[in-house]
Each structure stands twice: as structure tokens, then as C-alpha cells.
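Undergrad: the following comprises the amino acid sequence and a computationally predicted model.
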Amino acid sequence: MAKKDYSNLTKDQLLEVIEKLEGKKKYGLVWDEERVQEKVVTDCQDKLPVLTEVKGKEIITNENEPTHILIEGDNYHALSVLNYTHKGKVDLIYIDPPYNTGSKDNVFIYNDKIIDKNDTYRHSKWLNFMFKRLELAKALMKDEATIYISIDDNSVSQLRLLCNKVFGEDNFIAILPTIMNLKGNQDQFGFAGTHEYTLVFAKNKPSALIKEFELDDEEMDDWEEDEFGFFKRGAPMRATGAESKRENRPKMFYPILVDRESKEIIPIKDNEFKALYDSATKTFDDKHLKALKEKYEAEGFAVIIPQNDDGTYGRWRWGWSNENKEKLKTEVLLSEGNGSFSFYKKQRPSVGDLPSKKPKSLFYKAGYSSSTGTALLKRIFGNKKVFNNPKPVDLIKDIILLGSNNNSLIVDFFAGSGTTAQALLELNRDNPESKRKLIVCTNNENEICETVTLPRIKSVIKGYTYKVKRREIEIDGTGNNLKYFKTSFVANNRNKDQLKIDITKRCTEMLCLKEGIFNLIKEEADYKIFQQGNRYLAVYYDFANASLDELKEEMNALKGEKVLYCFTIDTNGLDKANFSEWKNIRLEPIPQKILDVYKRIFKN
């Protein structure tokens, strides 16, 4: 950077420079904010962000299940809107931001330009980019909330100092080395890199929610390695002991197929499994079992049925589920002898190899391998590579389990391929008590939101199939619902009354998101009514019109929780005396509270 020339400055100008230099902090993180202003930030001086729902892209399976939100747009704009709709409501934030490596594998775009290693202000731009978003994210967090951030060596030190600035040094919790490649990256200089980092901060550390893992005892001895990590031979897949008969656990009895040529372990089909046992009569259909055996043996498969030493039918240690069908392919060790096959569980090492209920500062499980994230995403997209370096689902699941409860709201504003969404959806499916909700945001560079994020979430919710050699594997859907929003803008009209009118006309979807009420049941020129279960939202746009009386009658006839968002130009809000005849309704003025939030953020 060229040295500044102060020789032509006046005395007063030099004193001003000296005062600025003296006023700068002596310790901490400093970057040149003035030189690296971000366009999406400065644009908000002239236009204010709102959200618009994209009809036709919603996914509805059951309105009684949680509804999640996908926002397409720059996350600075999305977070600004969420500062109105969800301030202080978020339990957990996870983000995987661009790592600022300056490489093609992890692209960081700033002001529509890819930032490479030769950019003089590379670090200042990244810090400015992250600072604006972390400030907005902090406002969303509850007092007990935590934020987990994935990062690598290029920016971990800068990010730690930046989070000290945003959240306060006293709210630092941990920097967790997170093992993503146990074999190590042989292309790295000097050392074969095995890990990234997960940086953890709290909104208020004394109140922070950090739960514990449930881990089994393990021993370290002769471990082997496959594409998913280390393992050793564990217990036989066939159950033993007093409860080992198929009658003890009917859902754990089923044949497993082995391709005699490839030695691939393959599950039978769902409908074939369901026909094995009649829950109503509590009887097994052995004719169906025999037919299955004959059918698959004719196709060249070995058909392995669990049997006890006394010849009676036994059972496996795993029940029938999508997860266990997957585990048959990755977590079972096949042993062959004298033309017969036996199955053993692959015993994987746990976090730090030794059991601990409290999560260790070294984050490692076999499922955290970066290859698992890539392999899973390719399965969903027909073996096509659609995204570089997606995070493993198991890693995000553990972060969600550590940082949230069953009814928590989680936010990810660097959604990328949608790993966080898949992790949360699967947790909700696997635990009937989990009603976690999620808001994810990503831009649409290279159409990623429309062609990767949304299709992935849809596949997980609805179910999908993928092929392994000759077999087509079916994965059941998780259920839940999704609403798709895009960021849009309202011109920042300097006529304050006109601005209030303009933003009122465009804020309806924001209000639906704020209240979690989405189904339009009545639409008139001056008002709309929405419903979600026994909850109702009314939005009124023209206070001077007599149709307010019509809306009053409509809302008074409804039974349940009711809220009215009513337009008023008055900065002091609504006069409650005008609503004395409204029954059991909560009043909210618009748009002044929205504009107050934007004034704080954009300082305009």
C-alpha cells in the first residue's frame, strides 16, 4: 500500500489526523472499513429489504408438522428482515461461511467480484463482510443461544478476534478442531491436514445451553479403515441371549441379501419386509419368507436369515428403518467361510477415542468425514457433483443436539447445499418429540438456491431413491413443510408518509413469517386474513376506510388466538380506544416498528 503524503496539509488538518490516530484502539482487530464498503450494505440507503413468498415452491406434507423457511437472497438483507420478525427468538445459529482462502475451491465474492490471494484488501473485505452479518445475527439470539461457525486455518484467528468484538471476549466458549479427513490431506505443505475448526460463542455465557453426548465405552486396539473412517469387528449382528428370538422383537427379523459376486450387502424391499409379520394377529408369514428366499437365490443372492443355535429363528440387533438400511452398507463387516456368510457390526471410535458425556474439545466421529457429505449429496442428485465440500450431516446433527431443545428455532444464513436443513429434518423424523424449526438463507449465485438447496430439501422431505449397481434403494421422506421466500426491496422514499404507505403494501409476507401464520383464507382490497390451526392473522392496509368495520365482524366471529396488524401513519401507534369492540385481539401497528428496526441497522 502506498504511503500517504501529509506534506501539504494545514496545521488544523494535521491536528485532525493526529487526533484520529490517537483515538484508535491500541489492541484488538482493526481493518479499513472505509475502503472496503460493501454494495449490498450501502444499497440499503436507497432501498429497504422486504420478503416475498414464491408461490409454487412451497412443500406442504402436513400442516400440523413444523414449517421451515428458505430465503433466497443476500443474507445481509435477509438478516435485516429477520431483525424485525425474529429479534431475540433464535436458540441456535450454525454457519459455514466462505473461508477466504483465495482459491477456486472456496470462493469468496465481494461486490460481485471473486476475491483472490492477490487482493490487497482481501482480509479487510472478509472481516467487513462477516462483521455486518454477525452483528445482525447476534440480535436474533435468545439470551441462552449459541452460535457455531465452521472455519479453517486461513481465517480462524481473525474470526476469533472478530467474534470477541461482536459477542464479547467473555462469551467465548471453544475453538474445536473438527476432524474432517483422518488420513490427512497429502497435498498440504509440511503437514497432512486432518481438521477444520468449529468456533463456538454464546450470547450470554452463564445462560448458554450446551447439552451432552451419549457415548458408549470403547477400547482402542487393532483398528481397520474404510472410506468412512476407522473401525474394528464388533458384536455379531445376530442377537444372542435370552431375548434373541424373533418373537421377542418382530421388527428385527428379516432376511439380508448378499450379492455372491460383488459381496455387496443389500436390504430387501420395504413391502417385502412389511409382509413378513402381521402386527394385528402377531404372526409371521413363513410362506412369504420361503418365497423371498427362493426368489433371491434364483437371482444369484445369498439370503441370510438370523437363526439361533437350536435352529429356531432369531433376530438382528437392528430394527427396520431407513437409517439401518443405510448402515447395512457402511457399518456391517461381512465374514465368509465354507460358502456361508456372517455379519458383524463395525465398531467405530467415538469422540477422542475415549468415552465422555461432555463433548470433547477435539470434535471427531467417523461420520464427520468430509467424504460422507459429498457422497450423500451425490446420492440425492443421481451421482452428480453439484456442490463443493458440503458439510457432513452427522456433524450438523450433533451441533443441533448440543445447542438446542425439541422446540428450538435454528438459523443458518450460509445454507449452501442445505446440509443443516437435512440434519434438522432427519432429527425431527427420528424423534417424534422434536418439533425444531429452521430458517435457512442462501443467495442464488449460479442458481444454487433453485437447483441445489431447494431440490435437496424437497428430496429429504418427500423421499428419494438412488441406485447402487443393480439395486434401487428407497429413502423415505421425513415429512415437515417448507415455505420459499425471496428478498425484495422498497424504494427509500424521502417522503416519510409515502414510505410508510409503500412498505405497508409490501410487508405482508414478513408479518406472516413473524407470526408463523401462512394460509390465506380471506382477501379484500383493504385487508387479508391468514390462518394456521387455531391462530389468525389479519393485516389491514387503509385505516381511513369503512371496511375496518367489516374486518372487525370477520375477526370477532373467529375462535382462537388473533392478531391484527393495522396501518397507521402516526409514529405513536394505534389508539386502542378505536378497537374497544374487538374481541380478544392483539394489536400491532405497521409500519413504524419495521422502520425503527431499519433505522437502527441502516442508520438512515
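TA: Ah, there it is.

Undergrad: residues contacting stretch 304-311, please?
TA: Defining contact as C-beta atoms under 8 Å, 6 or more residues apart in numbering, one finds that stretch 304-311 is touched by 237-239, 244-246, 253, 255-258, 289, 293, 313-316, 341, 343. (Each C-beta comes from the backbone N, C-alpha and C, glycine too.)

Undergrad: which among those count as buried?
TA: Applying 16 or more other C-beta atoms under 10 Å to these, the neighbour count classes 237-239, 244-246, 253, 255-258, 289, 313-316, 341, 343 as buried.

Undergrad: which ones among the contacts of stretch 304-311 lie within helices?
TA: 289, 293 (DSSP state H).

Undergrad: residues near Tyr84, how many?
TA: Number of residues near Tyr84 (other C-beta atoms under 10 Å) recorded here: 23.

Undergrad: give the next helix or strand downstream of the helix or strand hosting it.
TA: Using DSSP states H and E, Tyr84 maps to helix 75-85. Downstream of helix 75-85, the next assigned helix or strand under DSSP H and E is strand 90-95.

Undergrad: which elements pack onto the helix or strand just after that following strand?
TA: Downstream of strand 90-95, the next assigned helix or strand under DSSP H and E is strand 109-110. Here strand 109-110 touches helix 122-140, going by 3 or more C-beta pairs under 8 Å, 6 or more residues apart in numbering; DSSP states H and E.

Undergrad: how about the strands in the stretch 151-300 of the chain?
TA: 172-179, 195-202, 224-226, 229-236, 256-259, 265-267, 277-278, 283-284 (DSSP state E, counting those that start in this stretch).

Undergrad: mind listing the strands the last one pairs with, and their directions?
TA: Neighbouring strands of strand 283-284 in its sheet, by DSSP bridges, are strand 277-278 (antiparallel).

Undergrad: per-residue confidence averaged over the strand it pairs with?
TA: For strand 277-278, the mean per-residue pLDDT is 92.

Undergrad: can you pull out the residues in contact with that strand?
TA: Contacts of strand 277-278 (C-beta under 8 Å, 6+ apart): 250-251, 253, 283-285.

Undergrad: would you say Lys384 is within a strand?
TA: No - read with DSSP: H, G, I helix; E, B strand; the rest coil, Lys384 is coil and lies in no strand.

Undergrad: now it, nearest residue through space, not along the chain?
TA: Lys378 (6.5 Å; C-beta to C-beta, 6 or more residues apart in numbering).

Undergrad: buried set for stretch 42-49?
TA: 43-44, 48-49.

Undergrad: can you redo those residues as CSV with secondary structure, distance to His77 and pLDDT?
TA: Formatted as CSV, the buried residues of stretch 42-49 follow (DSSP: H, G, I helix; E, B strand; the rest coil; distance: C-beta to C-beta, whole Å; pLDDT from 0 to 100):
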residue, secondary structure, distance to His77, pLDDT
Asp43, helix, 9, 91
Cys44, helix, 8, 91
Leu48, strand, 9, 96
Pro49, strand, 4, 96
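
Undergrad: need those in CSV (columns: distance to Glu225).
TA: Output for the buried residues of stretch 42-49, formatted as CSV (distance: C-beta to C-beta, whole Å):
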residue, distance to Glu225
Asp43, 51
Cys44, 51
Leu48, 54
Pro49, 49
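
Undergrad: between those, which sits nearest Ser321?
TA: Nearest to Ser321 out of these is Pro49 (C-beta to C-beta; 42.3 Å).

Undergrad: quick revisit: contacts for the helix holding Tyr84 next, please.
TA: Helix 75-85 is touched from outside by 38, 40-41, 44, 49-51, 71, 132-133, 136-137, 139-140, 411, 413-414, 439, 441-443, 487, 510, 513-514, 593-594, 597-598, 601-602, with contacts defined as C-beta under 8 Å, 6+ apart.

Undergrad: tell me the spacing between the spatially most central residue of the chain and Val90.
TA: Nearest to the geometric centre of the chain sits Thr420, at 2.5 Å (C-alpha atoms, centre = their mean). Thr420 is 13 Å from Val90, where distance means C-beta to C-beta, to the nearest Å.

Undergrad: Leu182 too?
TA: With distances taken as C-beta to C-beta, Leu182 is found 33 Å from Val90.

Undergrad: kindly report the same for Ala208.
TA: Ala208 is 13 Å from Val90, by C-beta to C-beta.

Undergrad: shared neighbours of the two, which are they?
TA: By C-beta under 8 Å, 6+ apart, Ala208 and Val90 have these common neighbours: Ala145.

Undergrad: can you map out the strands along the stretch 451-600 of the chain?
TA: Per DSSP E, counting those that start in this stretch, the stretch 451-600 of the chain carries strands over the ranges 463-468, 471-476, 481-491, 519-523, 527-532, 535-540, 561-567, 585-590.

Undergrad: can you put those in JSON lines and add distance to Asp549?
TA: Compiled in JSON lines, the strands of the stretch 451-600 of the chain are given as follows (distance: least, C-beta to C-beta, whole Å):
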{"stretch": "strand 463-468", "distance to Asp549": "49"}
{"stretch": "strand 471-476", "distance to Asp549": "50"}
{"stretch": "strand 481-491", "distance to Asp549": "29"}
{"stretch": "strand 519-523", "distance to Asp549": "15"}
{"stretch": "strand 527-532", "distance to Asp549": "11"}
{"stretch": "strand 535-540", "distance to Asp549": "11"}
{"stretch": "strand 561-567", "distance to Asp549": "13"}
{"stretch": "strand 585-590", "distance to Asp549": "14"}
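
Undergrad: using JSON lines, please lay out these together with mean pLDDT, distance to Leu15 and mean neighbour count.
TA: Output for the strands of the stretch 451-600 of the chain, formatted as JSON lines (pLDDT from 0 to 100; distance: least, C-beta to C-beta, whole Å; neighbours: other C-beta atoms under 10 Å):
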{"stretch": "strand 463-468", "mean pLDDT": "90", "distance to Leu15": "68", "mean neighbour count": "14"}
{"stretch": "strand 471-476", "mean pLDDT": "90", "distance to Leu15": "70", "mean neighbour count": "14"}
{"stretch": "strand 481-491", "mean pLDDT": "96", "distance to Leu15": "42", "mean neighbour count": "19"}
{"stretch": "strand 519-523", "mean pLDDT": "95", "distance to Leu15": "63", "mean neighbour count": "12"}
{"stretch": "strand 527-532", "mean pLDDT": "96", "distance to Leu15": "60", "mean neighbour count": "20"}
{"stretch": "strand 535-540", "mean pLDDT": "96", "distance to Leu15": "55", "mean neighbour count": "22"}
{"stretch": "strand 561-567", "mean pLDDT": "96", "distance to Leu15": "51", "mean neighbour count": "21"}
{"stretch": "strand 585-590", "mean pLDDT": "95", "distance to Leu15": "48", "mean neighbour count": "18"}
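
Undergrad: those: which one's closest to Phe213?
TA: So among the strands of the stretch 451-600 of the chain, strand 471-476 is nearest, using C-beta to C-beta, at 25.8 Å.

Undergrad: tell me the angle the closest one makes with strand 463-468.
TA: 160 degrees (axes from the mean of the first three to the mean of the last three C-alpha atoms, to 10 degrees).

Undergrad: can you list residues touching both of Thr420 and Val90?
TA: Residues touching both Thr420 and Val90 (C-beta under 8 Å, 6+ apart) are Ile410.

Undergrad: for Glu212, the count of nearby residues, please.
TA: 11.

Undergrad: quick check: phi and psi at it.
TA: phi -120, psi 160 (degrees, to the nearest 10).

Undergrad: that one contacts Pro359, doesn't it?
TA: Yes - if you go by C-beta atoms under 8 Å, Glu212 and Pro359 touch, sitting 6.8 Å apart.

Undergrad: pull up the overlap in contacts between those two.
TA: Leu402.

Undergrad: thanks a lot, see you next time.
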